[in-house]
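Colleague: got a predicted structure here, sequence first:
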Amino acid sequence: MDQVETENQQTTGISGERLRSFIQRIERLEEDKAAIGEDLKEVYAEAKGTGFDTKIIRQLIRLRKVEIEKRRETEELLDLYKAAIGMEE
């Protein structure tokens, strides 16, 4: 650490190197996130190209993230509400 950085650290309480490290890590992760986003778009486009409905695929992915009991509860409530307004299956 040079004299200026040491003085800056003492006056501001912030380590420039540490801050720079956080910023660089965040930038790399943002780049990775953008690349993953592009990969996801490609997979959805491929699925759509083979005839799958991507909206339904997105719903399935969302549902798979929910615990089984919570999902059952939600589906039962949905069925109950649909029956209440005459949308029975």
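Modeller: On my side now, so go ahead.
Colleague: relative to Glu76, how far out is Gly86?
Modeller: 18 Å (CB to CB, to the nearest Å). C-beta coordinates here come from the backbone N, C-alpha and C atoms, glycine included.
Colleague: between the two, which one's more packed in?
Modeller: Glu76 (10 against 6; other CB atoms under 10 Å).
Colleague: and the more buried one, helix, strand or coil?
Modeller: Secondary structure, DSSP: H, G, I helix; E, B strand; the rest coil: Glu76 is helix.
Colleague: tell me which helix or strand of this protein sits lowest on mean pLDDT?
Modeller: Across the helices and strands of the chain, mean pLDDT, DSSP states H and E gives its lowest value to helix 3-12, namely a mean of 60.
Colleague: after it, next one along is what?
Modeller: On the C-terminal side of helix 3-12, the nearest following helix or strand under DSSP states H and E is helix 16-49.
Colleague: what helices or strands is that following helix leaning on?
Modeller: helix 3-12, helix 54-65 (3 or more CB pairs under 8 Å, 6 or more residues apart in numbering; DSSP states H and E).
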